[in-house]
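Chemist: requesting a structural model of the entry that follows:
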Amino acid sequence: MQKKLLYIFLLLCAATACKKDDTSPAPLVVYTIQVEGNQVTFTNTSTGAASWKWDFGDGDSSTEQSTVHIYNGKGKYVPTLYATSAAGVTAEGSTVIRISKTSPVKLTDNSLADWDTISQNVITAGPKGGVFKKAKFDYDGQNVYFYGEVTGKLSDGYIFDVYIDSDNDAGTGLLTSLFTGAAYDVLLEGQLLLKQSAAPIPMGMYYHTGEQTAFSFDPQSGTDFFTMGTITEANGVVRFEGKLDRSKIKGFTGTAIRLGMAVTANDWSAQLGTIPDEGAPAFLLNLPE
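Modeler: Numbers count the residues shown, from 1 in each chain. Take a look at the predicted model:
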């Protein structure tokens, strides 16, 4: 559930709704929300207000300037902030949030122990796994979370290629024998386990174009489509976790995706492993909620 999906709203109400009279200005309503599972942090940076009221859209409210609210169930909610000036003029701003499946995964706890609770969507490397040992996946309404184990050292600077059939449609995207049973709309590529600011090949996002048999991908701008969490190195094994933002990757908002991961040496000299095995069907991750 460790997404902190950031929304920013700059909300101005109409003059007829905001003003008590023609001389008292209405507050400027500005706030951000961060959704983490069913917990939402509301940060209020409105100006010109002396008091506030939050209506969370589920029957609860708060008069704190900024606040944290926990929603009891999944669904769509419309929270509203009412900001009132010292002169009694009130302005309001609303947004829509969706609370869906939560995940026990936290990327900020400096631990990988939460992955021990994930028993579904687990891939154990096969005979062609190479450096791969294991991969796990989980999700919530905002993110897909991933966990991996590879043999080696962080200093090896492995290049990761993540092939994603983001619309779960074999009629669009790249057809390849690397992972069968899917066509890949999105390719994520780069040195995932290195700090992106220092990686010779930072993680990039590419969208497939052209014929399905053509390895043709266009680079996309932006680096906030993924976030890394804890990375450990011990006894010749690197373990790592991260998340992919479902709102930042084309087609990632559907009910299922298929994916496969490949690792290449840092000088592109050799492919070092895949998960699932090369030539095997892509892994199906259902996202029903």
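
Chemist: wait, what's in contact with the nearest residue to residue 176 once chain neighbours are set aside?
Modeler: Nearest residue to residue 176, sequence neighbours excluded (Cβ to Cβ, 6 or more residues apart in numbering): residue 184, at 6.8 Å. Glycine gets a C-beta too; all of them are placed from N, C-alpha and C. Contacts here follow Cβ atoms under 8 Å, 6 or more residues apart in numbering; on that basis residue 184 touches 163, 164, 165, 173, 174, 176, 208.

Chemist: what ranges in the chain fall below the confidence cut-off?
Modeler: Low-confidence segments of the chain, defined by pLDDT under 70, are located at 1-22.

Chemist: pick out the residue closest to the middle of it.
Modeler: residue 245 (2.1 Å; Cα atoms, centre = their mean).

Chemist: contacting residues for residue 42?
Modeler: Residue 42 is in contact with 31, 32, 33, 54, 66, 67, 68, 69, 79, 81, counting by Cβ under 8 Å, 6+ apart.

Chemist: got a winner among these for most neighbours?
Modeler: Taking other Cβ atoms under 10 Å as the neighbour criterion, residue 81 ranks highest of these with 28 neighbours.

Chemist: can you name the residues bridging to that residue?
Modeler: When bridges are taken as DSSP bridges, the partners of residue 81 come out as residue 54, residue 93.

Chemist: surely it and residue 56 touch.
Modeler: No - under the criterion of Cβ atoms under 8 Å, residue 81 is not in contact with residue 56, lying 10.0 Å apart.

Chemist: closest to residue 25 out of the contacts of residue 184?
Modeler: Minimum separation from residue 25 among the contacts of residue 184 (Cβ to Cβ) is found for residue 164, which lies at 48.9 Å.

Chemist: wait, what's in contact with the closest one?
Modeler: With Cβ under 8 Å, 6+ apart as the criterion, the residues that contact residue 164 are 184, 185, 186, 187, 188, 249, 252, 257, 258, 259.

Chemist: okay, and the last one sits in which element?
Modeler: Looking back up the chat, that one is residue 259. When elements are defined using DSSP states H and E, residue 259 is found to belong to strand 256-264.

Chemist: can you list the strands that that strand pairs with?
Modeler: With DSSP bridges as the criterion, the sheet partners recorded for strand 256-264 are strand 159-165 (antiparallel), strand 271-275 (antiparallel), strand 283-286 (antiparallel).

Chemist: after the first one comes which helix or strand?
Modeler: Yep, that's strand 159-165 we're talking about. Once the chain leaves strand 159-165, the next helix or strand it forms, by DSSP H and E, is strand 186-190.

Chemist: before we move on, back to that, give me the contact list for the strand holding residue 259.
Modeler: Counting by Cβ under 8 Å, 6+ apart, strand 256-264 makes contact with 130-132, 135, 144, 148, 150, 158-166, 168, 178-179, 181-182, 251, 270-276, 278, 282-288, all of which sit outside it.

Chemist: generate a PyMOL selection restricted to the buried subset of these.
Modeler: Here is the PyMOL selection string for the buried members of those, based on 16 or more other Cβ atoms under 10 Å:
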select buried, resi 130+131+132+135+144+148+150+158+159+160+161+162+163+164+165+166+168+178+179+182+251+271+272+273+274+275+276+278+282+283+285+287
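
Chemist: for residue 35, name its beta-bridge partners.
Modeler: In this structure, residue 35 has beta-bridge partners residue 5, residue 40, where bridges are defined by DSSP bridges.

Chemist: could you number the chain from 26 rather than 1 from now on?
Modeler: Okay, residue one is now 26; in that scheme the one you just asked about reads as residue 60.

Chemist: roughly how far apart are the residue nearest to residue 201 and residue 296?
Modeler: 16 Å (Cβ to Cβ, to the nearest Å).

Chemist: quick revisit: tell me the one of the contacts of residue 209 nearest residue 99?
Modeler: residue 189 (25.1 Å).

Chemist: who's that closest one bridged to?
Modeler: Note on residue 189: beta-bridge partners by DSSP bridges are residue 211, residue 284.
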